[in-house]
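Asks: sharing a sequence plus its predicted fold:
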Amino acid sequence: MDATVLIVDDEKHTRDGLRMSLEDDFDVYVASDRAEALEVLKHERIDVMVTDLRLGADDGMQLIDAALAFPHPPVVIMMTAYGSVDTAVEAMRRGAWHFVTKPVNIEELDLLIRRALRSRNLEQENTSLQRQIDDRFGLDKLLGNSAPMQRVFESIQQVAPTRATVLIEGESGTGKELVAHALHNLSGRPKAKLVIVHCAALSPQLLESELFGHERGAFTGASERRIGRFETANGGTLFLDELGEIDQSTQVKLLRALGERTVERVGGNAPIKIDVRVIAATNKNLAAMVEDGKFREDLYFRLNVVNIHMPPLRDRPEDVPILAAAFLRELAKENRREVREISLEAMEALTSYRWPGNVRELRTAIEHGVVMCTGPKLLLRHLPHSLRGGHILNLASSRPPAPNALPAPGESSISRPLSPSSPTSPPADLNLAAMEDSFIREALRRTGDNRSAAARLLGISRRTLHRKLHTMGLAEPPDDDHAS
């Protein structure tokens, strides 16, 4: 589809001449005054508008204001026979992209239009990329309706626009890095760099060089000058992940950098001014480390201007369905699967699990389920074994056993048969075979048709279960039956 150009001029021969010169390469519209131009802009998506400064009784400057107020404004090129620096400056101030004088050089105008279109395309691409970045790392990636997460959201929105240093604490896998991204993206400098340093992955010497840089010859192997992460992040944000792993020597230099807003490269003696917002995160208890003398108290207070605590997933089980559904959509698309929903039993297993690995473990579990699932619904049997086992234990022990069915000392309730307190009511005539059939079907239902888990839940071997399923017409004969 050709780019669209609107020519606005009150002189007919100028309009027609420009249209004829440009219509081989562009889809050209013409207008004689502001009213006609606005009518075209209402009904057509114009890429570039070339307008005269003088439009009879109308003012071209006012047309610029009106055109740029549209939802999809055109790039504006102003033309006038009354060229002056003041006019050009005013047109640019109003939002014009460029300024040409009459009589218009057609080749020059053609080149300007093409440059304007390239500029517009680059701007749209940048906007699209920024939107993708915001979608990936913005506040909307931190999901949850629980009270602890609402407090996190409030803190982020309150602190993000400021220059305050932030300390994010919480267990591994709770989403501390997502908080750092959200703080940066919602700050006053979202287009500046966010530089991330994983402190636990580097030795003390390498970490010092990584943070502050080094001069050539500062140590063995320093063959050239290196710019540190503080300098790289200048004007933006530096995120120090796993801060509790920093050794005492580096803590001293970090304290100086935060206090004086300067850094010195290793092997150098010239202070370098920096303008960096620092966000730190740790899964350790820094206050306890201060008490034990393993972390400097003055650095702790310098970093802990604002504290954001990420709650573990076990403390917000009501958020599990929200997170699971979001991960399901993301990972089904990523793995090219048509999985659209999670079964009730699978969701019960997800919400009853303790999640020692937090949100990161939940995402991994959903990915496992998506990969193993072959249909539109993710079932209990598609989840990792650790979750299915925990759910079976939860089901088996969710109701008190009958007095005569208490497990012996040291015996796990997972190995006990389903007791008469099972939610499945026995037949009224107390037929033993019918009861057995009913209990087997209930065990299979609870375990998502996982026969090994059902056998454990019933307190029988898998082979015995297989024989009974064969008798019920739900399985092939056991191998030894074939042999006979």
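Replies: It's in.

Asks: how far does whichever strand or helix holds L18 sit from the chain's center?
Replies: Secondary structure assigned from DSSP states H and E places L18 in helix 12-22. Remark: helix 12-22 is offset 50 Å from the chain centroid, using Cα atoms, centre = their mean, to the nearest Å.

Asks: show me what it is packed up against.
Replies: Counting contacts by 3 or more Cβ pairs under 8 Å, 6 or more residues apart in numbering; DSSP states H and E, helix 12-22 packs against strand 4-8, strand 27-31, helix 106-137. Where C-beta positions appear, they are placed from N, C-alpha and C, glycine not excepted.

Asks: pull the CA atoms of that helix into CSV?
Replies: Provided in CSV are the C-alpha atoms of helix 12-22 (Å, rounded to 0.1, in the frame of the first residue of the first chain):
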residue,chain,number,x,y,z
LYS,A,12,-4.9,25.6,-7.4
HIS,A,13,-1.9,25.5,-9.8
THR,A,14,0.4,24.7,-6.8
ARG,A,15,-1.9,21.9,-5.5
ASP,A,16,-2.2,20.4,-9.0
GLY,A,17,1.5,20.7,-9.8
LEU,A,18,2.6,19.0,-6.6
ARG,A,19,-0.1,16.3,-6.9
MET,A,20,1.0,15.5,-10.5
SER,A,21,4.7,15.4,-9.5
LEU,A,22,4.2,13.1,-6.5
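
Asks: ok, and what's touching it?
Replies: Helix 12-22 is touched from outside by 5, 7, 9, 28, 30-32, 50, 52, 102, 104, 106, 109-110, 113, with contacts defined as Cβ atoms under 8 Å, 6 or more residues apart in numbering.

Asks: isn't I308 right up against A182?
Replies: No: with contact defined as Cβ atoms under 8 Å, I308 does not reach A182; the gap is 10.1 Å.

Asks: ok, the two, which is more surrounded?
Replies: Using other Cβ atoms under 10 Å as the criterion, I308 and A182 rank with A182 on top: 23 against 20.

Asks: follow-up on the earlier one: what comes up buried for the helix holding L18?
Replies: If you call a residue buried by 16 or more other Cβ atoms under 10 Å, then helix 12-22 has these buried ones: 14-15, 17-19, 21-22.

Asks: thinking again about what came up before, shared neighbours of I308 and A182, anything?
Replies: Common neighbours of I308 and A182 (Cβ under 8 Å, 6+ apart) are I156.

Asks: for burial, what's the neighbour tally of the nearest residue to P312 once chain neighbours are set aside?
Replies: Spatial nearest neighbour of P312, chain neighbours left out: E171 (5.1 Å); criterion: Cβ to Cβ, 6 or more residues apart in numbering. The number of residues packed near E171 is 19, by other Cβ under 10 Å.

Asks: hang on, E171 packs against D315?
Replies: No: using Cβ under 8 Å, E171 is not in contact with D315; the gap is 10.1 Å.

Asks: could you pull up the mean pLDDT of the helix holding L18?
Replies: The predicted model assigns helix 12-22 a mean pLDDT of 91.

Asks: can you report how many residues neighbour L53?
Replies: L53 is flanked by 23 other residues according to other Cβ under 10 Å.

Asks: which among the contacts of helix 12-22 end up buried?
Replies: Buried among the contacts of helix 12-22 by 16+ other Cβ under 10 Å: 5, 7, 9, 28, 30-32, 50, 52, 102, 104, 109-110, 113.

Asks: where does the prediction get shaky in the stretch 301-450 of the chain?
Replies: Applying pLDDT under 70 to the stretch 301-450 of the chain picks out residues 389-434.

Asks: repeat the analysis, applying 80 as the threshold.
Replies: 388-438, 447-449 (pLDDT under 80).

Asks: in it, which spans are helices?
Replies: 320-334, 344-352, 358-372, 385-396, 432-446 (DSSP state H, counting those that start in this stretch).

Asks: and the first one, which residues are buried?
Replies: The reference is to helix 320-334. 320, 323-324, 327-328, 331-332.

Asks: what's the domain layout of this protein?
Replies: 4-130, 142-311, 318-392, 409-481 (automatic domain parsing).

Asks: quick one: which of the helices of the stretch 301-450 of the chain is nearest Q205?
Replies: Nearest to Q205, of all the helices of the stretch 301-450 of the chain, is helix 358-372, at 29.7 Å by Cβ to Cβ.
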